[in-house]
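Chemist: mind looking at a prediction? Sequence and model below.
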Amino acid sequence: MTSVLTGTAVDVKNLSVRFRSKRSSTTALDDVTMRVEAGEFISIVGPSGCGKSTLLKVVAGLVKPSDGQVSLFGDEVKGAQRNIGFAFQRAALLEWRGVRKNILLQAEIRGIDKAKAARRADELIELTGLAGFEKALPHELSGGMQQRVALCRALLHEPPVLLMDEPFGALDALTREQLNAELNKIWRETGTTILLVTHSIAEAVFLGTRVEVMSPRPGRLMRTLPVDLPRERDYAQVMTDPRFGSLTREIRQLLGAHESH
Amino acid sequence: MTVTNETRADPAPPTPAREPVRRIDIGTRLLRLVDAIWRPAALLALIFVAWWVITAQGWVADYLVPTPVQVWERTTQDWSSLMYHSYVTLYETVVGFLLASVLGLATAVAIAYSRTLERTLYPIVLFAQVIPKIAIAPLIVVWFGNDLAPKIILAVLIAFFPVVVSGVAGLRSTDPELLELSATMGASRWQTFRKIRFPNALPHLMAGEKVAVTLAVVGAVVGEFVGASEGLGYQLMIANGNLDAPLLFAALILMSLIGILLFVIVEVLEALLIPWHASRRSATPLTTS
Ligand SMILES: Nc1ncnc2c1ncn2[C@@H]1O[C@H](COP(=O)(O)OP(=O)(O)O)[C@@H](O)[C@H]1O
Ligand SMILES: [Mg+2]
């Protein structure tokens, strides 16, 4: 179904990012090296301000590396990347467009065949439970539904890589669990490589094949924790799995150890 | 196994007011209109009655303030000439307003997109705004003659500024994440403008257009004061010179009507263009019926 590419999807080598303003210089990322194989699901956790968003933006080509380099499927990232999907913390929908038209923005700008895009949009609307709300405007939707729309839009062009920056951060626990289950399903069905930034340790472990824990600013990768769970995940089962418990505990300790400094 | 539809627990399913204000029947529409209009209409009626009583009682001399009857008689008597002068003023105002809108929007785009153009244009725009238009009106008439051109130019000069300021504010208010999103879609500058920045700027822009259209009337009339042989401003000067208070009032009322008419047209246009915006949602709530 999807044009799944194989091999190394995202290759980050000795990446540093410094933001300079007139007065000061902030090192957001410091010597980050990370390899993501196609089909992996990487969860990224870390204290706020440690450079998680910056990392995603560099991969998307929206922020330039100060040092090091990033490649997507072997091609060095120079300038904004088109073969990705990006979902933001705030849904970032067009207020004046209904659900379906918001999703189809992706197709309009990319010039994807109309009939094909429409079919894909309907599939995604069905998959994310938005059916019946095709014409509803963003302000008429709950936060969870807005995030679903943003997710559909990010997936419309069947990107080989999906970048998600705390997409469920503003949602209540129940909606969040539900969207997590949907995301797990989408990931399994499409074979998309996903990089997810999250504040929720449980979410990180539930979804990821690997969790990357970052240190406070300047952001470094502090620890890589493989998640040894089957690809298909069920909330109730995962929550009670001893591996889940020990992983979340370990991550909490890693993050907590730094907070006390 | 994954979560099924039955266990879906989205806490805030679409709010009760999900069906937007678009599809409402004629009856409700009329009720809304009445609801919107009766208060100002009542106030106007009150002012009118006060005017009538004060003048009819002779508390104010009728060469200072004429009675409504005198104004009405004068209006019907001079109907065709008043209509002609109204048409001239309306024409100058509309052309001036449209030109100000086009030029103002183009300037706003230039300023919003280019730092260099911003530094070049904004000071000039501001300078043009702070010069009192009434002070330069005679000069403009000297430069451009006695016909329509100087009035249109004055209308443009006076209506231009709010369009520029609101346009720049609107274009700059685009969510940076939307711009990043459009970059990952590979959008061209034009696509980003047409599909994201411009629609996003419309609510701001329309607020500016509403100010601009009322100012355009002022510009046209000021131009007519200074040198004209037609238009309501000219008519008003003539009436003033002849101490013809009824005619003066008739001209004044017609000017106001032109302003109100144009404002309402822009409002309707706004309602059509941005029904989705917070400022237009359920403009007159007619709840609990
Ligand atoms: N465009 C920018 N200009 C200057 N500083 C920035 C910019 N973007 C991010 N930063 C800084 O870089 C650091 C990391 O930011 P960010 O990646 O947003 O962190 P996180 O997403 O982990 O909370 C922060 O200190 C932030 O202030
Ligand atoms: Mg962030």
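Modeler: Looks like it arrived, so ask away. Ligands and ions are numbered 1, 2, ... in the order given.
Chemist: may I have the distance across stretch A:64-79, first residue to last?
Modeler: With CA to CA, to the nearest Å applied, stretch A:64-79 spans 8 Å between its terminal residues.
Chemist: for residue 228, give me phi and psi.
Modeler: Picked chain A for this. The phi and psi values for A:Asp228, taken as degrees, to the nearest 10, are phi -90, psi 70.
Chemist: nope, chain B
Modeler: phi -160, psi 160.
Chemist: try A:Leu93
Modeler: phi -100, psi 160.
Chemist: so it makes contact with A:Pro138?
Modeler: Yes. Distance between A:Leu93 and A:Pro138: 4.3 Å, which falls inside the contact criterion (CB atoms under 8 Å). Placement of C-beta: from N, CA and C, glycine included.
Chemist: overlap of the contact sets of those two?
Modeler: A:Asn102, A:Gln146, A:Val149 (CB atoms under 8 Å, 6 or more residues apart in numbering or on different chains).
Chemist: those into JSON lines, with extra columns for distance to A:Ile44 and neighbour count?
Modeler: Supplementary listing: the shared contacts of A:Leu93 and A:Pro138 in JSON lines, determined by distance: CB to CB, whole Å; neighbours: other CB atoms under 10 Å in any protein chain shown:
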{"residue": "A:Asn102", "distance to A:Ile44": "26", "neighbour count": "24"}
{"residue": "A:Gln146", "distance to A:Ile44": "23", "neighbour count": "21"}
{"residue": "A:Val149", "distance to A:Ile44": "23", "neighbour count": "26"}
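Chemist: so residue 253 is in which element?
Modeler: Because you didn't say which chain, this covers chain A. Element membership for A:Gln253, per DSSP states H and E: helix A:242-259.
Chemist: right idea, wrong chain: chain B
Modeler: Secondary structure assignment for B:Ile253, by DSSP H and E: helix B:245-273.
Chemist: rewinding a little: higher neighbour count, A:Leu93 and A:Pro138?
Modeler: A:Leu93 (25 against 20; other CB atoms under 10 Å in any protein chain shown).
Chemist: which residues touch the more buried one?
Modeler: If a contact means CB under 8 Å, 6+ apart, then A:Leu93 has A:Asn102, A:Pro138, A:Gln146, A:Val149, A:Ala150, A:Arg153 as its contacts.
Chemist: now the two most distant members of those.
Modeler: In terms of CB to CB, these reach their longest pairwise distance at A:Pro138 and A:Arg153, which sit 11.6 Å apart.
Chemist: shared neighbours, those two?
Modeler: Listed contacts common to A:Pro138 and A:Arg153 are A:Leu93, A:Asn102; contacts here mean CB under 8 Å, 6+ apart.
Chemist: next one: B:Ala137 from A:Ser48, what distance?
Modeler: As defined by CB to CB, to the nearest Å, B:Ala137 lies at a distance of 58 Å from A:Ser48.
Chemist: those two: who's more crowded?
Modeler: In this view B:Ala137 and A:Ser48 are compared by other CB under 10 Å, and B:Ala137 has more residues nearby, 22 against 10.
Chemist: these two touch, right, the more buried one and B:Ile153?
Modeler: No. B:Ala137 sits out of contact with B:Ile153 when judged by CB under 8 Å, with a separation of 9.6 Å.
Chemist: now for the residue nearest to A:Trp96 when sequence neighbours are not counted: which residues touch it?
Modeler: Here the nearest residue to A:Trp96 in space, its sequence neighbours aside, is B:Trp276; by CB to CB, 6 or more residues apart in numbering or on different chains that works out to 4.4 Å. Residues touching B:Trp276, when contacts are defined by CB under 8 Å, 6+ apart, comprise A:Glu95, A:Trp96, A:Leu137, A:His139, B:Pro20.
Chemist: quick one, what contacts A:Leu127?
Modeler: Residues in contact with A:Leu127, defined by CB under 8 Å, 6+ apart, are A:Glu182, A:Lys185, A:Ile186.
Chemist: low-confidence stretches in the chain?
Modeler: In the absence of a named chain, chain A is used. Chain A contains residues with pLDDT under 70 at A:1-5, A:257-261.
Chemist: my question was about chain B
Modeler: In the predicted model of chain B, residues B:1-24, B:281-289 satisfy pLDDT under 70.
Chemist: residue 179 sits in which helix or strand?
Modeler: You didn't pick a chain, so chain A it is. helix A:173-190.
Chemist: that answer is for a different chain, and I need it for chain B
Modeler: Taking DSSP H and E as the definition, one finds B:Leu179 inside helix B:176-184.
Chemist: does chain A sit close to that helix?
Modeler: Yes. Applying CB under 8 Å from any CB of the partner chain, one finds that helix B:176-184 is in contact with chain A at B:Glu177, B:Leu178, B:Glu180, B:Leu181, B:Ser182, B:Ala183, B:Thr184.
Chemist: spatially nearest residue to the last one, not counting backbone neighbours?
Modeler: Distances taken as CB to CB, 6+ apart put A:Phe86 closest to B:Thr184, at 5.0 Å, once the chain neighbours are dropped.
Chemist: sec struct for the one you found, please.
Modeler: Applying DSSP: H, G, I helix; E, B strand; the rest coil to A:Phe86 yields a three-state assignment of strand.
Chemist: ok, it touching A:Leu151?
Modeler: No. Applying CB under 8 Å, one finds A:Phe86 not in contact with A:Leu151, separated by 10.8 Å.
Chemist: list the strands paired with the helix or strand harbouring A:Leu162, with their directions.
Modeler: Using DSSP H and E, the element containing A:Leu162 is strand A:161-165. Taking DSSP bridges as the criterion, strand A:161-165 forms sheet pairs with strand A:84-87 (parallel), strand A:193-197 (parallel).
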